[in-house]
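Q: structure here, sequence nowhere to be found:
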């Protein structure tokens with residue numbers, strides 16, 4: 001059983017930046033960030049594998065950067081040029097298995113989820 005602890009959400013004005021962190025209690029080959037806005041389904045934001053390869057949802061590419069520190073079992077999401085439409089609860093996800101980056105965009109791939117952290121972007 002892997003536990004995930006997230007931090008770093010908050011309220012920011014449009015155009016601002018936030019950095020999310022998620023630390024796992026054990027090793028996770030696959031890690032990613034998802035988000036869920038009110039009334040919407042949970043959606044993929046960015047994923048990274050053990051080797052540091054990354055894949056982004058189209059609307060955040062160029063604005064968000066996902067990175068990981070394997071020694072600390074931690075994944076980060078640096079968010080810049082934030083927009084009101086980025087407002088959502090952001091969830092960290094992890095799995096001890098390996099799959100392709102494209103496979104990692106599916107929420108059902110992941111066995112472990114964080115508690116979620118609210119990100120609110122005001123206009």
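A: Right, received. Where do you want to start? Computed from a predicted structure; not experimentally measured.
Q: under the pLDDT cut-off, which ranges of this protein? List them.
A: Scanning the chain for pLDDT under 70 picks out nothing.
Q: again, only using 90
A: 1, 96-99, 101-102 (pLDDT under 90).
Q: can you check my assumption that residue 93 lies in a strand?
A: Yes - with DSSP: H, G, I helix; E, B strand; the rest coil as the criterion, residue 93 is located in a strand.
Q: right, and residue 24 touches residue 1 too?
A: No - if you go by Cβ atoms under 8 Å, residue 24 and residue 1 don't touch, sitting 10.8 Å apart. From N, CA and C alone the C-beta is placed, and that goes for glycine too.
Q: shared neighbours, those two?
A: Shared contacts of residue 24 and residue 1, defined by Cβ atoms under 8 Å, 6 or more residues apart in numbering, comprise residue 112.
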